[in-house]
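Asks: I'd like to go over a predicted model; first the sequence, then the structure.
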Amino acid sequence: MGYERSPVSPVGGNRHGVVRLNEFLKDRLGNEYGELSVKDWLTIPEQSVLEVINGKLFFDGSGTLTSIRESLSKMPEDVRRKKIAGHLLVMAQAGQYNYARLAKRGDEAAAQLAIFEFVKAALHVIYSLNGKYMPYYKWAFHGMRDLEILSGLEKEFTFLMTTGNDKSLAIKKSNTIEEIAGRIITELRARNLTEADCGDLEKHAYSVNDSIKDTEIRYLNIFIAVS
């Protein structure tokens, strides 16, 4: 009929033309029926789930995709708590523990890597607190602006990621890390996700993990859902 297929990029893969639903789901979720096991929920990148549930659906004659989207629109509560717990522990290790030590010994590059790990984990926690999936990294800050809970931390994150790590800045950044931790802990308490009563994110991580009802999920490695 005169239509031509656009060139296919080896990076982008098969993204042009007609794609069968089962192939689409298999590619994004590893399952052609859109059914996720506990392991799938904990290990599949959240942006992959977003690719399935986002975007305007113009026609769904059988209703299959609509049903799948509804089933994936909200992650199971115990999975959400496992993700929060794991990323809180990363925040504790990278931000509250490692950053100051790296900056103190003058390893500025490694200190900045610790900052990146802290911010990335904090973003995951914030999206999870909002009951949202975290998008691909280049959209994480953009998407954060539309969240109801803790969207105002973008300024603090930007400061941490765009400044150096000399002695004076390291002190300011350590204080900022504690400020961010404090605001997140406040939200955890407000939502009865933690029973810990301190500013140590590690203790809150284990408290959130202890609140998981499903014993199989609770006793899995706390980092299993950290990507």
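Replies: In hand now; what should we look at? In this text, all values refer to a predicted model and were calculated from it rather than measured experimentally. Numbering: from 1, shown residues only.
Asks: alpha carbons only for contacts and neighbour counts from here, please
Replies: Noted.
Asks: what sits up against stretch 49-64?
Replies: Under the criterion C-alpha atoms under 8 Å, 6 or more residues apart in numbering, residues Leu25, Arg28, Leu29, Thr66, Arg69, Glu70, Leu72, Ser73, Tyr133, Pro135 lie in contact with stretch 49-64.
Asks: separation between Asn22 and Ser48?
Replies: 15 Å (C-alpha to C-alpha, to the nearest Å).
Asks: The two: which is more packed in?
Replies: Ser48 (18 against 15; other C-alpha atoms under 10 Å).
Asks: Quick one: residues contacting that one.
Replies: Arg28, Leu29.
Asks: Where does it sit: helix, strand or coil?
Replies: Three-state assignment for Ser48 (DSSP: H, G, I helix; E, B strand; the rest coil): helix.
Asks: Please apply the same query to the one 4 residues further on.
Replies: The assignment at Val52 comes out as helix when based on three-state DSSP.
Asks: what's around it, how many residues?
Replies: Quick note: Val52 (other C-alpha under 10 Å) scores 18 neighbours.
Asks: Same question for Thr158.
Replies: The criterion is other C-alpha under 10 Å. On that basis, Thr158 has 12 neighbouring residues.
Asks: before we move on, what about the one 3 residues further on?
Replies: With neighbours defined by other C-alpha under 10 Å, the count for Met161 comes to 15.
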